[in-house]
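**Student:** Structure, please.
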Amino acid sequence: MPRPIVLATRHFPTAVERRLDTLFEARLNPDDRVWDAAEIARRAEGAHGLMIAAGQRMDRAAIAALPAGIRIIATF
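**Tutor:** Next up is the predicted model:
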């Protein structure tokens, strides 16, 4: 069975990204670029979840723009 896909919107500590990649098919942001809502929505195509940084803005409009397949948004 394929692992769920999780998009990490920022660069997280190595141990966190390693664990994320162990449990899921992780799409990481190694350059730690700040993505706007449109970029997050584009990169989230085909993903099942998002892991965002605690200070990252995720308002109603940003959530509404996400693909229908996103089932969970978690913060670190």
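**Student:** Now do the strands in this protein.
**Tutor:** Applying DSSP state E to the chain gives strands spanning 5-8, 25-27, 49-52, 72-75.
**Student:** what helices or strands is the shortest one leaning on?
**Tutor:** What that stands for is strand 25-27. In terms of contacts (3 or more C-beta pairs under 8 Å, 6 or more residues apart in numbering; DSSP states H and E), strand 25-27 is packed against strand 5-8. In short, each C-beta sits where N, CA and C put it, glycine included.
**Student:** mind listing what the strand it packs on pairs with, with the direction of each?
**Tutor:** strand 25-27 (parallel), strand 49-52 (parallel) (DSSP bridges).
**Student:** residue contacts, L7?
**Tutor:** By C-beta atoms under 8 Å, 6 or more residues apart in numbering, L7 lies in contact with R27, I40, R43, A44, A47, G49, L50, M51.
**Student:** mind putting these in TSV, pLDDT included?
**Tutor:** Supplementary listing: those in TSV, determined by pLDDT from 0 to 100:
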residue	pLDDT
R27	98
I40	97
R43	98
A44	98
A47	98
G49	98
L50	98
M51	98
